[in-house]
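S.K.: pasting the sequence and the predicted coordinates here, then a few questions.
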Amino acid sequence: MDFLKYMRKRNIHVLIISGVILFAVLFSLMLTPLRNSIAIKKTEWKKLEAQLIAGRAKLDNFSKLDKSEIDAQLEVLRGKLPSGSPTSAVLDELTKRGKELNIEFISITPKLEKVPSKTKTATALNYKILPIEINMKATYRSLAEYLGILENLESSFATVGEFQIRKDEKIYPKLSIRLVVYTYIIESERGQD
């Protein structure tokens, strides 16, 4: 009888141990996908939290903007942009400044005015863009100085929209250059005349 009791106890222990092992295996099999899902959700949560913090910072910066300061900057910009067509004044200034730098102009051609697409940030300012195509020959130095002058035109505000440069094979230090300069014209009586 001792042997039977021993076998029963052993069978009970084996059943309990195998039950615990089976439970642990099934639990880990079910828990592993859940852990992976939780880890993925946790990283998504951290990304969303970072986006929220960045969004709040942008919102704080936006709310701190002083509308009167922005309006003052807008008035300064309106003062710089001429009303009406400044084509002749801009062309005169571009050629005068270029000749001072010994730039040889092949052609200067005003193109048709463009009306830019309206964006949320530019709705308060109505303006047109006047492209001017310039073909010229210049040295590296005179080209660099000319581009610097374009930044500070007296008669208008200008940007360089297109820029192509080739080495002129006939005249060694000279370059063949094609620029498209965009000048901006305000459509309001509030600008310069």
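M.R.: Structure's in. What do you need? Numbering: from 1, shown residues only.

S.K.: now the helix or strand where I149 lies: how far from the chain's centre is it?
M.R.: Using DSSP states H and E, I149 sits within helix 140-151. Counting by Cα atoms, centre = their mean, to the nearest Å, helix 140-151 is centred 25 Å from the centre of its parent chain.

S.K.: how about the helices in the chain?
M.R.: Ranges of helices within the chain are 2-64, 67-80, 87-100, 140-151, based on DSSP state H.

S.K.: nearest to D168, out of those?
M.R.: In terms of Cβ to Cβ, the element of the helices of the chain nearest to D168 is helix 140-151, at 11.7 Å. Bear in mind the C-beta positions are built from the backbone N, C-alpha and C, glycine included.

S.K.: tell me which residues of the closest one are tucked away?
M.R.: Using 16 or more other Cβ atoms under 10 Å as the test for burial, helix 140-151 gives S142, L143, E145, Y146, I149, L150.

S.K.: and Y127, bridged to which residues?
M.R.: Beta-bridge pairing for Y127 (DSSP bridges): I186.

S.K.: quick check, it in contact with Y184.
M.R.: Yes: with contact defined as Cβ atoms under 8 Å, Y127 and Y184 form a contacting pair (5.2 Å).

S.K.: low pLDDT regions in this protein?
M.R.: 1, 77-86, 117-125, 155, 171-172, 186-193 (pLDDT under 70).

S.K.: mark out where each domain of it begins and ends.
M.R.: Using automatic domain parsing, the domains assigned to the chain come out as 1-64, 77-186.

S.K.: taking the ones you listed together, which one is wrapped up most tightly?
M.R.: Highest mean neighbour count among the domains of the chain (mean count of other Cβ atoms under 10 Å): domain 77-186, with a mean of 15.

S.K.: follow-up on the earlier one: which one among the buried residues of helix 140-151 gets closest to K58?
M.R.: Nearest to K58 among those, with distances taken as Cβ to Cβ, is L150, at 33.4 Å.

S.K.: once you drop chain neighbours, what's closest to the closest one?
M.R.: The spatially closest residue to L150, leaving aside those adjacent along the chain, is A158, at 5.3 Å (Cβ to Cβ, 6 or more residues apart in numbering).

S.K.: list the beta-bridge partners for the one you found.
M.R.: Beta bridges link A158 to T183, judged by DSSP bridges.

S.K.: which residues touch it?
M.R.: Listed by Cβ atoms under 8 Å, 6 or more residues apart in numbering, the contact set of A158 reads V90, L150, E151, V181, Y182, T183, Y184.

S.K.: can you tell me which of those is nearest L52?
M.R.: Ranked by distance to L52 (Cβ to Cβ), these are led by Y184 at 38.2 Å.

S.K.: just checking, that closest one touches K128?
M.R.: Yes: contact status for Y184 versus K128: in contact at 7.4 Å, counting by Cβ under 8 Å.
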